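# Provided below are the primary sequence and the corresponding predicted coordinates.
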Amino acid sequence: MMLNKPLVLTYVYLLIYILLSSGVILYNKWVLSPKYFKFPFPITLTMIHMGFSGVVAFFLVRVLKVVSPIKMTIEIYSTCVIPISAFFASSLWFGNTAYLHISVAFIQMLKALMPVATFMMAVICGTDKLRCDVFLNMLLVSVGVVISSYGEIHFNVIGTVYQVTGIFAEALRLVLTQVLLQKKGLTLNPITSLYYIAPCSFVFLFVPWYFLEKPQMEVSQIQFNFLIFFSNALCALALNFSIFLVIGRTGAVTFRVAGVLKDWILIALSTVIFPESIITGLNIIGYAVALCGVVMYNYLKVKDVNAAQLSSETLPERIVKDWKLEKKSSDIFVPAGGHDNNIRGGNGSTLDLNADEAAPLIPSSRLSHIGRSQLTTHTA
């Protein structure tokens, strides 16, 4: 029996993405947890990620010249890069701080609120319209998260507030990315995204680090373990590129299924690696309810995309397309480089395929989050 090598390679990329995404989150929790590595400085860890990513991106762009930088002006940098970097840095700061107070499993359940936050920010900023069907899905997701929170044994208000604040900061970053970058016709690949955003985010993080963590680090006299932090930053960077590879070889539906699978694997693994993390039946029920809302939300967005694509095609083009689809036995594999990362919906919104909470640096112009989600690194 002949193996379909492209298909096998696609599944290998998906497996690598799931492993790296789960690994980065668990690694961050282990490093920050006062019970394990005992490095309770989330801003410092995030700055290490940003500094490392920025240096690697600079080396790839300026030394090896793997990609060319875009034509960056002072106006574009001040009106686009700086505000996007500010909210990106905030989302990473608050998201990583949540690891100090609540479990990985509960954090993943709270991340189901991402499509709710993104939709709210999009409506407020005028980039999406308030629709009854989408609103009902968002309400279902919210109810599920509330049920899951009620069933959390070790519920912590501070940790929950940090995580939810980080989710809304990330949602606002996504909206700003669409409003600011797309209006100027700019597109960034993972390398150029890191090249411009990582250094700026590092600067924004330096201010709270100087006042909040620097004094504590001087008192605690924690020793810096180069191997731990280097491997942690390297994993976060690898996650960014794995997302890029996966998006290049799969479609929106496949990527979403992989994301949902990763979330369930991560929740299960976290209870094994961190025994203090206990999942209750109410947690599972609440998360399942929220997940149903997310699935329906994604279905509506994919439906909008298909409707927009059909309406934009002429009859001859549609006939040719249907004939090609009949000849093609499977549409799982999409050749690298031939897949559009940003699929526009019928209402003008965009489906984002770069949606990973641990990797928000990858440029994202989507307003429809896949319900949990981009390079960088939530990691980072």
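Thanks, I have it. Residues are numbered from 1 along each chain as shown.
# name the helices or strands packed onto the helix or strand containing Ala307?
Element membership for Ala307 (DSSP states H and E) is helix 281-312. Judged by 3 or more C-beta pairs under 8 Å, 6 or more residues apart in numbering; DSSP states H and E, the packing partners of helix 281-312 are helix 104-110, helix 132-150, helix 252-273, strand 342-344, strand 350-352. From N, CA and C alone the C-beta is placed, and that goes for glycine too.
# that helix to helix 252-273, inter-axis angle?
160 degrees (axes from the mean of the first three to the mean of the last three C-alpha atoms, to 10 degrees).
# run the angle between helix 281-312 and helix 132-150 for me.
Using the same axes, to 10 degrees: helix 281-312 against helix 132-150 is 160 degrees.
# let's have the chain start at 607 instead
Renumbered: residue one is now 607, and that last one reads helix 887-918.
# relative to Gly772, how far out is Pro648?
Distance from Pro648 to Gly772, counting by C-beta to C-beta, to the nearest Å: 10 Å.
# same question but for Ala695, I mixed them up
Distance, Ala695 to Gly772, by C-beta to C-beta: 11 Å.
# repeat that for Ala718.
From Ala718 to Gly772 the distance is 14 Å (C-beta to C-beta).
# cool, Tyr633 as well?
18 Å.
# neighbour count winner among these two?
Gly772 (25 against 19; other C-beta atoms under 10 Å).
# wait, doesn't the more buried one sit right on Phe700?
Yes - shown here, Gly772 and Phe700 form a contact pair, counting by C-beta atoms under 8 Å, at 3.4 Å.
# ok, now which ones touch the nearest residue to Ala844 once chain neighbours are set aside?
Of all residues not flanking Ala844 in the chain, Leu626 sits nearest, at 5.7 Å (C-beta to C-beta, 6 or more residues apart in numbering). Contact partners of Leu626, counting by C-beta atoms under 8 Å, 6 or more residues apart in numbering, are 841, 844-845, 848.
# can you check Phe810 too?
Residues counted as contacts of Phe810 (C-beta under 8 Å, 6+ apart) are 691-692, 695-696.
# quick check, nearest of these to Gly854?
Proximity of the contacts of Phe810 to Gly854 (C-beta to C-beta) peaks at Ser691, which lies at 25.2 Å.
# return the set of buried residues in the helix or strand where the closest one lies.
Using DSSP H and E, Ser691 sits within helix 688-703. Using 16 or more other C-beta atoms under 10 Å as the test for burial, helix 688-703 gives 688-703.
# and it, what does it pack against?
Helix 688-703 sits against helix 648-664, helix 763-782, helix 796-814, with contacts defined as 3+ C-beta pairs under 8 Å, 6+ apart.
# out of those, which gets nearest to Tyr617?
Among these, the nearest to Tyr617 by C-beta to C-beta is helix 796-814 (21.4 Å).
# output the next helix or strand after the closest one as PDB, nothing but the C-alphas.
Counting by DSSP H and E, the element after helix 796-814 in chain order, helix or strand, is helix 820-826. Extracted C-alpha coordinates of helix 820-826, given in PDB (Å, rounded to 0.1, in the frame of the first residue of the first chain):
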ATOM      1  CA  LYS A 820      13.200  44.100  39.500                       C
ATOM      2  CA  PRO A 821      13.000  45.000  43.200                       C
ATOM      3  CA  GLN A 822      11.700  41.500  44.100                       C
ATOM      4  CA  MET A 823      14.400  39.800  42.000                       C
ATOM      5  CA  GLU A 824      17.100  41.800  43.800                       C
ATOM      6  CA  VAL A 825      15.800  40.700  47.200                       C
ATOM      7  CA  SER A 826      15.100  37.000  46.300                       C
END
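# which SSE is immediately downstream of helix 820-826?
The first helix or strand that comes after helix 820-826 along the chain, using DSSP H and E, is helix 832-855.
# ok, Leu778 to Thr766 distance?
Separation of Leu778 from Thr766 (C-beta to C-beta) stands at 19 Å.
# the two: who's more crowded?
Neighbours were counted for Leu778 and for Thr766 using other C-beta under 10 Å; Leu778 has more, 24 against 18.
# one step back: wait, is the residue nearest to Ala844 part of a helix?
Yes - with DSSP: H, G, I helix; E, B strand; the rest coil as the criterion, Leu626 is part of a helix.
# ok, now how distant is Ile871 from Trp636?
17 Å.
# more neighbours: these two, which one.
Trp636 (18 against 14).
# picking that back up, and the helix holding Ala913, how far from the chain's centre?
Helix 887-918 sits 17 Å away from the centroid of its parent chain (C-alpha atoms, centre = their mean, to the nearest Å).
# drop anything exposed from the contacts of Leu626.
Looks like the contacts of Leu626 have 841, 844-845, 848 buried, using 16+ other C-beta under 10 Å.
# okay, now Leu833: neighbour count?
Neighbours of Leu833 under the rule other C-beta under 10 Å: 7.
# cool, Ser755 as well?
Quick note: Ser755 (other C-beta under 10 Å) scores 16 neighbours.
# and stretch 869-882, what's buried?
Buried, per 16+ other C-beta under 10 Å, within stretch 869-882: 869, 872-873, 875-876, 880.
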